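Asks: heads up, no residue letters with this:
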């Protein structure tokens, strides 16, 4: 059965350095308005839970995650509860070949429910410009250079 792509964009004002508080705020905002199975995608902005206004690499480093960190766990929970694909941006830390930290402005995509036509639905959302692989691109580099 074909249906329109239903996207919920969650925009709020995160508090810098308070990811747990921001996740609670986002969850409260989301579940006060959205019911399970009522949307196909839930999209949070880049660095949605850490805030975005970091002044240095050292300032963002304590809030960086690995691929299956705090943001993934939060998105996974939301995805299961709403039966939707959840997308959120987060600061990621990887260790480079030289042993130094490399930071990325990454995106987490979690799908807990895979409907028969999920790939078609994904392609439709991307082709309509509803989802992009980069929420915001202010620099041409892939790693964060502050």
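Replies: Good, I have the coordinates. Every value quoted in this text rests on a predicted model; they were computed, and no experiment measured them. Numbers count the residues shown, from 1 in each chain.
Asks: where does this protein have its least confident helix or strand?
Replies: helix 118-127 (a mean of 56; mean pLDDT, DSSP states H and E).
Asks: Just give me the neighbour total for the nearest residue to residue 95 once chain neighbours are set aside.
Replies: Spatially, and ignoring its direct neighbours in sequence, residue 95 is nearest to residue 101 (6.5 Å; Cβ to Cβ, 6 or more residues apart in numbering). C-beta coordinates here come from the backbone N, C-alpha and C atoms, glycine included. Residue 101 has 13 neighbours, counted by other Cβ atoms under 10 Å.
Asks: got the contact list for residue 101?
Replies: Contact analysis of residue 101 by Cβ atoms under 8 Å, 6 or more residues apart in numbering lists 57, 61, 64, 93, 94, 95.
Asks: Surely the last one is in contact with residue 102?
Replies: Yes. Counting by Cβ atoms under 8 Å, residue 102 is a contact partner of residue 95 at 7.2 Å.
Asks: if you count what's nearby, which of the two comes out ahead?
Replies: Taking neighbours as other Cβ under 10 Å, residue 95 and residue 102 compare with residue 102 leading, 15 against 10.
Asks: my guess is that one is in a helix, correct?
Replies: No. The assignment for residue 102, made by DSSP: H, G, I helix; E, B strand; the rest coil, is strand rather than a helix.
Asks: That one and residue 68: what is the separation?
Replies: 18 Å (Cβ to Cβ, to the nearest Å).
Asks: Cool, thanks, signing off.
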